[in-house]
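S.K.: after the sequence you'll find the predicted model.
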Amino acid sequence: MEADGSGADSQGGQEVIITMQHVRSTTGFSKRVGLCARGTRAWFAKYNLDYSDFLKNGIDEQTLLATKDAFAVAVVEQAHGKL
């Protein structure tokens, strides 16, 4: 959500709540599509993100982008249909 409360991202699009479906469907980082639950849990631990809360509520795209992780960027792009 932008500072003005609009919910728009910096490119003028709607901000997306990232879910496990987005993580599992992102391509380009291994022979398989996305990450499995174990891989996702480890990835969240690496960045000190709350995996349990993510499973229940998803995670704000800006939180993922703040990690500056290439997979996080790809997940957000996947969620926006840019991959």
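M.R.: All right, it came through fine.
S.K.: setting aside sequence neighbours, what's the nearest residue to Leu55?
M.R.: Among residues not flanking Leu55 along the chain, Met20 sits closest, at 6.5 Å (Cβ to Cβ, 6 or more residues apart in numbering). For glycine as for every other residue, the C-beta is placed from the backbone atoms N, C-alpha and C.
S.K.: ok, Thr40 next?
M.R.: Val23 (5.3 Å).
S.K.: returning to that earlier point: list phi and psi for the residue nearest to Leu55.
M.R.: phi -60, psi -30 (degrees, to the nearest 10).
S.K.: next up, the contacts around it.
M.R.: Ala37, Thr40, Phe54, Leu55 (Cβ atoms under 8 Å, 6 or more residues apart in numbering).
S.K.: which strand or helix spans the third one?
M.R.: Which is Phe54. For Phe54, the host element (DSSP states H and E) is helix 51-57.
S.K.: what of the second one?
M.R.: Following DSSP H and E, the helix or strand that holds Thr40 is helix 37-46.
S.K.: per-residue pLDDT, Asp4?
M.R.: Asp4 is assigned a predicted lDDT (pLDDT) of 34.
S.K.: buried residues in stretch 64-72, which are they?
M.R.: For stretch 64-72, a neighbour-count test (16 or more other Cβ atoms under 10 Å) marks Leu64, Leu65, Thr67, Phe71, Ala72 as buried.
S.K.: show me which pair in the residues you listed is furthest apart.
M.R.: The most widely separated members of those are Leu65 and Phe71, with 11.3 Å between them, by Cβ to Cβ.
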